[in-house]
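S.K.: Generate coordinates for the sequence data below:
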Amino acid sequence: MKRVLLLGGTGFVGRSVCERLVERDTAMRLTVATRRLAHAKAVQFLPTVDPVECDVHDDPQLARLVAGHDAVVNLIAILHGSAADFEKVHVRLARRLAGACAAAGVTRLVHVSALGVGPDAPSNYLRSKAEAEAILRAAPLALSVLRPSVIFGAGDSFLNLFAALQSVFPVMPLAGVDARFQPVWVEDVSEALLRCLERKDSIGKTYECAGPQIFTLGELVRLAGRLCGHERPVVALPESLGKLQAAAMELMPGVPLMSRDNILSMRVPNVATGQWPGLDALGITPSSLHAVAPSYLSPGQGVARFNRWRSLRAGA
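M.R.: Numbers count the residues shown, from 1 in each chain. A predicted model of the protein is given here:
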């Protein structure tokens with residue numbers, strides 16, 4: 001495999017994939033599609049990585065982008081938005097991508113989905129992710145699907161967010177406090193993705209990417225606060241009040257901290273079901289959150305961490 005196209009390569013997981021691929025195979029060229037070249041600063045100077053500005057929601061541009069590649073990796077996703085937003089980014093993009101691959105004669109595709117997806121799931125996020133999977137499975141593709149739980153690591157927008165909030169607020173009002181997650185390290189997800197590209201026996205399979213431990217959301221928030229030196233009391237909110245809180249956050253400029261769709265998603269446990277192979281099937285022993293998180297959630301960065309999060313949120 002000489003040329004791989006990475007959609008969503010400038011995001012949190014995408015940057016990890018780029019770095020691992022460059023370390024792993026210096027003969028492979030990696031094209032990273034981005035809406036704006038300025039977004040690719042973190043990867044543009046990596047050898048063998050070629051950032052390309054492209055609107056992947058434009059059929060002619062996407063067709064030109066896919067042509068000439070041996071495989072495509074799709075990491076593009078959103079966590080917040082309207083039903084129309086999820087339809088565009090997850091469902092219609094999957095349909096466009098399947099068509100572009102067919103036109104270019106590209107069959108190999110690794111697609112990153114999520115745990116808990118299903119046609120009857122309670123949220124637009126989970127239903128649209130399930131529909132995207134179905135579209136790609138129906139296409140003439142050599143497809144591998146990864147379903148990760150919430151992904152953590154240096155630079156994540158999950159534990160870092162709760163650490164930032166606890167550094168400036170005295171309490172943490174929280175909906176879905178008992179929702180269950182099985183956090184997985186970003187480097188384990190990246191490694192799984194690369195092994196799917198390398199292994200023909202991954203074709204046609206779905207892998208659940210989850211860490212070794214299950215946590216409630218409340219436990220994760222407390223852990224983030226404890227590691228950053230600012231653990232605050234967690235005040236559990238009923239779902240109805242959580243939805244009102246989320247609705248108010250959706251009206252704020254920038255990417256919302258929480259949306260009503262997020263709260264609906266938390267009705268479904270974000271944990272491995274055991275119905276599909278896990279990381280061990282790819283020869284990966286998942287890393288523990290307790291082993292990794294202390295390395296990047298250190299005390300003494302409270303206000304700086306909050307300001308970084310606020311600036312990222314405003315510019316997203």
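
S.K.: would you say residue 33 is within a strand?
M.R.: Yes. Using DSSP: H, G, I helix; E, B strand; the rest coil, the assignment for residue 33 is a strand.

S.K.: Count the residues that sit near the closest residue to it other than its chain neighbours.
M.R.: Spatial nearest neighbour of residue 33, chain neighbours left out: residue 54 (4.7 Å); criterion: CB to CB, 6 or more residues apart in numbering. Just so you know, the C-beta spots here come from the backbone N, C-alpha and C atoms, and that holds for glycine as well. By the measure other CB atoms under 10 Å, the count of residues near residue 54 is 18.

S.K.: Can you spell out which helices and strands pack onto the helix or strand encompassing residue 17?
M.R.: Per DSSP states H and E, residue 17 falls inside helix 12-24. Of the remaining helices and strands, those touching helix 12-24 by 3 or more CB pairs under 8 Å, 6 or more residues apart in numbering; DSSP states H and E are strand 3-7, strand 29-34, helix 186-198.

S.K.: what angle sits between it and helix 186-198?
M.R.: 60 degrees (axes from the mean of the first three to the mean of the last three CA atoms, to 10 degrees).

S.K.: Which residue is most remote from the mean position of this protein?
M.R.: No residue in the chain sits farther from the centre than residue 170, which is 29.3 Å out by CA atoms, centre = their mean.

S.K.: Which residues are in contact with it?
M.R.: Contacts for residue 170 (CB atoms under 8 Å, 6 or more residues apart in numbering) come out as residue 232.

S.K.: can you tell me how far it sits from residue 163?
M.R.: 15 Å (CB to CB, to the nearest Å).

S.K.: And for residue 107?
M.R.: As for residue 107, its distance to residue 163 is 43 Å (criterion: CB to CB).

S.K.: Those two: who's more crowded?
M.R.: Counting neighbours by other CB under 10 Å for residue 107 and for residue 163 shows that residue 163 has the greater number, 29 against 16.

S.K.: hey, what's residue 175 bridged with?
M.R.: residue 237 (DSSP bridges).

S.K.: picking up where we left off before, wait, doesn't the residue nearest to residue 33 sit right on residue 60?
M.R.: No. Counting by CB atoms under 8 Å, residue 54 stays clear of residue 60, with 10.4 Å between them.

S.K.: Would you list the phi and psi of the residue nearest to residue 33?
M.R.: For residue 54, the backbone dihedrals are phi -160, psi 140 (criterion: degrees, to the nearest 10).

S.K.: Run through the bridge partners of residue 209.
M.R.: So, taking DSSP bridges as the rule, residue 209 has residue 148 as bridge partners.

S.K.: so who does it touch?
M.R.: So residue 209 contacts 146-149, 184, 188-189, 192, 278-279, 286 (CB under 8 Å, 6+ apart).

S.K.: still on that earlier bit, what does the helix holding residue 17 contact?
M.R.: With contact meaning CB under 8 Å, 6+ apart, helix 12-24 is reached by 4, 6, 8-9, 28, 30, 32, 42-43, 46-49, 73, 75, 112, 151, 153, 155-157, 186-187, 189-191, 193-194.

S.K.: for stretch 230-239, the distance to its chain's centre please.
M.R.: Relative to the mean C-alpha coordinate of its chain, stretch 230-239 is positioned 25 Å out (CA atoms, centre = their mean, to the nearest Å).

S.K.: Could you do stretch 27-47 as well?
M.R.: Relative to where its chain is centred, stretch 27-47 has its mean C-alpha point 18 Å off (CA atoms, centre = their mean).

S.K.: end to end, how far does that stretch reach?
M.R.: 10 Å (CA to CA, to the nearest Å).

S.K.: which of the helices and strands packed on helix 12-24 has the lowest average pLDDT?
M.R.: Lowest mean pLDDT of the helices and strands packed on helix 12-24: strand 29-34, a mean of 92.

S.K.: which helices and strands does that one pack with?
M.R.: Strand 29-34 is packed against strand 3-7, helix 12-24, strand 49-53, with contacts defined by 3+ CB pairs under 8 Å, 6+ apart.

S.K.: Rounded mean pLDDT for the longest one, please.
M.R.: It stands for helix 12-24. Rounded mean pLDDT across helix 12-24 is 90.

S.K.: Please name the nearest non-neighbouring residue to residue 166.
M.R.: Residue nearest to residue 166 in three dimensions, not counting chain neighbours: residue 225, with 4.0 Å by CB to CB, 6+ apart.

S.K.: The one helix or strand that neighbour maps to: how far from the chain's middle?
M.R.: Assigned by DSSP H and E, residue 225 belongs to helix 217-228. Relative to the centre of its chain, helix 217-228 is centred 20 Å away, using CA atoms, centre = their mean.

S.K.: circling back to that earlier point, what's the neighbour count on the residue nearest to residue 166?
M.R.: For residue 225, the count of nearby residues is 22 (other CB under 10 Å).

S.K.: okay, and for the stretch 101-250 of the chain, where does confidence drop off?
M.R.: Within the stretch 101-250 of the chain, no stretch has pLDDT under 70.
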